[in-house]
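**Q** sequence and predicted structure, then a few things I'm wondering about:
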Amino acid sequence: MQCRQRYKQNAFNARKILNRQKLRIRLIALDTATCIEDMDTPGWRLHSLKGDRQGLRAIDVNRNWRIVFEFKDGNAYIVNYEDYH
């Protein structure tokens with residue numbers, strides 16, 4: 001394997017690991033949250049969805065990828081990891 005290919009592969013693997021860690025941290029936070037404000041962490045960009053997805057919330061994981069969920073009675077429901085853009 002050429003040096004350039006090895007560098008690209010290592011950079012890709014590092015990005016995958018970082019994304020996995022970000023996702024894991026956010027899912028743990030979502031699982032332990034008791035109110036929606038618990039998810040309003042700087043950099044996660046908690047926001048409400050609009051249109052036919054009204055009532056759902058989302059937090060950023062990376063680039064276009066979000067965790068989408070509904071939060072009621074102190075619990076998260078309908079959890080999805082998706083690129084909705």
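**A** That came through fine.

**Q** number of nearby residues for Pro42?
**A** 6 (other Cβ atoms under 10 Å). (Glycine included, C-beta is placed from N, CA and C.)

**Q** next up, phi/psi of it, please.
**A** The phi/psi pair for Pro42 (degrees, to the nearest 10) reads phi -50, psi 130.

**Q** and the gap between it and Ile59?
**A** Using Cβ to Cβ, to the nearest Å, Pro42 is found at 11 Å from Ile59.

**Q** right, and Leu30 touches Ile78 too?
**A** No - taking Cβ atoms under 8 Å as the definition, Leu30 is not a contact partner of Ile78, at 11.5 Å.

**Q** more neighbours: those two, which one.
**A** Neighbours per residue, other Cβ under 10 Å: of Leu30 and Ile78, the larger number sits with Leu30, 18 against 10.

**Q** list the contacts of the more buried one.
**A** If a contact means Cβ atoms under 8 Å, 6 or more residues apart in numbering, then Leu30 has Met39, Ile59, Ile67, Phe69, Ala76, Val79 as its contacts.

**Q** 10 Å - rerun?
**A** For Leu30, the contacting residues are Asp38, Met39, Arg57, Ile59, Ile67, Phe69, Phe71, Asn75, Ala76, Val79, by Cβ atoms under 10 Å, 6 or more residues apart in numbering.
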